[in-house]
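Engineer: next comes the sequence, and after it the predicted model I'd like to discuss.
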Amino acid sequence: MIPYGRQSISGEDLAAVEAVLRSDWLTQGPAVPRFERAVADYVGAPHAVAVNSATSALHLACAALGVGAASRVWTVPNTFVASANCGRYCGAEVGFVDIDPRTYCLDPHDLARRLEVASGQGRLPDVIVSVDFAGQPCDYQAIAQLKAEYGFRLIDDASHAIGATCSDVRVGALPVADITVFSFHPVKIVTSAEGGMLLTADPALAAAARRLRSHGIERDPVLLECPDEGAWYYEQQALGWNYRITDLQAALGASQVARIDGFLARRRALAQRYDTLLAELPLISPWQRPGGVSARHLYPVLLRDKVQRREVFERLRASGIGVQVHYLPVHLQPYYRRLGFAPGDFPVAEDYAERTLSLPIYADLSDASQDQVVAALKEALS
């Protein structure tokens with residue numbers, strides 16, 4: 001089976017993990033800050049906080065921004081459920097914005113319409129979670145203008161997009177984002193087995209996330225609320241969680257970051273080959289918005305209709321091609337239907353979800369294997 005995505009593990013990665021296993025630290029040791037610094041330096045962000053998953057990072061981002069039961073958080077339906085669930089974890093009301101029919105990212109025109117209506121109702125969102133789908137950055141120039149007008153905070157869910165750029169600035173350091181979140185799941189561009197990270201230019205947000213990732217505990221003598229009793233002393237200053245990443249994971253992640261440019265170059269070359277090889281087929285290849293450079297985490301194509309999608313999906317799987325669907329619309333999941341969402345609420349996202357297939361793309365995918373994918377796809381479409 002050729003999977004839609006998979007990790008690339010080198011001898012250097014194995015050696016980095018083995019070094020931790022032979023050290024005195026397995027959990028929160030020196031490898032964690034090294035990993036944070038490696039990612040922060042790569043994207044150009046002042047602060048980075050590593051955690052055990054991107055879901056945890058999204059939750060911490062909402063918590064650090066003060067999201068609570070009286071808050072409203074908006075995101076897109078075309079994403080993994082964590083982009084919406086992070087607001088629900090904090091008790092917030094969650095809403096959605098439809099996607100652009102070409103980029104499959106948040107549609108700034110639909111966002112503008114919904115913000116205007118919400119403003120008239122006195123129900124503006126406190127936080128918007130944008131999603132850089134498939135590695136392509138959203139239209140952040142348009143989003144920045146709306147943010148300045150309506151005053152919401154922005155979490156950039158860049159789980160797909162480490163290494164992507166927008167107007168020559170790397171995702172993770174975009175001024176419009178209050179917090180950016182990366183994922184290091186094995187199918188992502190770099191992996192720490194499981195892991196995530198939030199990045200920000202705001203030292204207060206970084207400090208809050210660091211505290212909340214470890215039960216809300218503070219050990220810095222300067223920040224203690226009561227007199228310091230000694231080296232053993234600590235305070236729980238907030239209700240936090242155990243979202244800590246281990247040194248084992250951080251060592252793997254830092255080793256992977258050292259190879260990120262090679263990973264990105266290979267993914268972009270594979271995407272360009274797909275563009276050429278699929279040009280004559282009856283499908284729509286992913287469109288790239290000018291002004292941004294995608295990290296090419298996914299290669300989603302659109303088929304003619306949903307009936308055809310099921311048949312093509314099953315034929316490809318039977319041929320050993322591990323295609324996947326990204327994503328089922330979040331608002332149509334049973335949990336969100338019970339909150340009042342229904343089919344037809346976000347028609348662009350729903351139409352896209354019924355016709356999309358993600359083709360295999362990952363750094364170790366060979367040209368020969370990619371040719372095999374294309375041949376099987378041609379046969380399935382014939």
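Structural biologist: Thanks, I have it. Numbers count the residues shown, from 1 in each chain.
Engineer: mind listing what Gln372 touches?
Structural biologist: Ile2, Ile321 (C-beta atoms under 8 Å, 6 or more residues apart in numbering). Heads up, the C-betas are built off the backbone N, CA and C, glycines and all.
Engineer: wasn't it part of a strand?
Structural biologist: No. Judged by DSSP: H, G, I helix; E, B strand; the rest coil, Gln372 forms no part of a strand; its state is helix.
Engineer: and the pLDDT at it?
Structural biologist: Per-residue confidence (pLDDT) for Gln372: 98.
Engineer: so how far is Leu277 from it?
Structural biologist: Noted for Gln372: a distance of 11 Å to Leu277, by C-beta to C-beta, to the nearest Å.
Engineer: can you get me a residue count around Thr27?
Structural biologist: When neighbours are counted by other C-beta atoms under 10 Å, Thr27 registers 14.
Engineer: residues in contact with the closest residue in space to it that isn't next to it in sequence?
Structural biologist: Nearest residue to Thr27, sequence neighbours excluded (C-beta to C-beta, 6 or more residues apart in numbering): Thr246, at 5.1 Å. Thr246 makes contact with Leu26, Thr27, Gln28, Val32, Asn52 under the criterion C-beta under 8 Å, 6+ apart.
Engineer: and His297, how far from Pro46?
Structural biologist: Using C-beta to C-beta, His297 is found at 25 Å from Pro46.
Engineer: who has more neighbours, these two?
Structural biologist: For the pair His297 and Pro46, the greater number of neighbours falls to His297 (28 against 12), based on other C-beta under 10 Å.
Engineer: how about the contacts made by that one?
Structural biologist: Gly5, Ala134, Gly135, His160, Ala161, Lys188, Ile189, Arg267, Ile361.
Engineer: hang on, the last one packs against Pro3?
Structural biologist: Think Ile361. No. In terms of C-beta atoms under 8 Å, Ile361 does not count as a neighbour of Pro3; the distance is 10.1 Å.
Engineer: which of the two has more neighbours?
Structural biologist: Ile361 (24 against 13).
Engineer: what strand or helix carries the more buried one?
Structural biologist: Ile361 is part of no helix or strand when elements are defined by DSSP states H and E.
Engineer: contacts for the biggest helix by length in the chain, please.
Structural biologist: Longest helix in the chain, counting residues (DSSP state H): helix 260-277. Contacting residues not belonging to helix 260-277 are listed as 8, 42, 135, 162-163, 189-190, 256, 285-286, 294-297, 299, 359, 361-363, 365, 367, 370-371, 374 [C-beta under 8 Å, 6+ apart].
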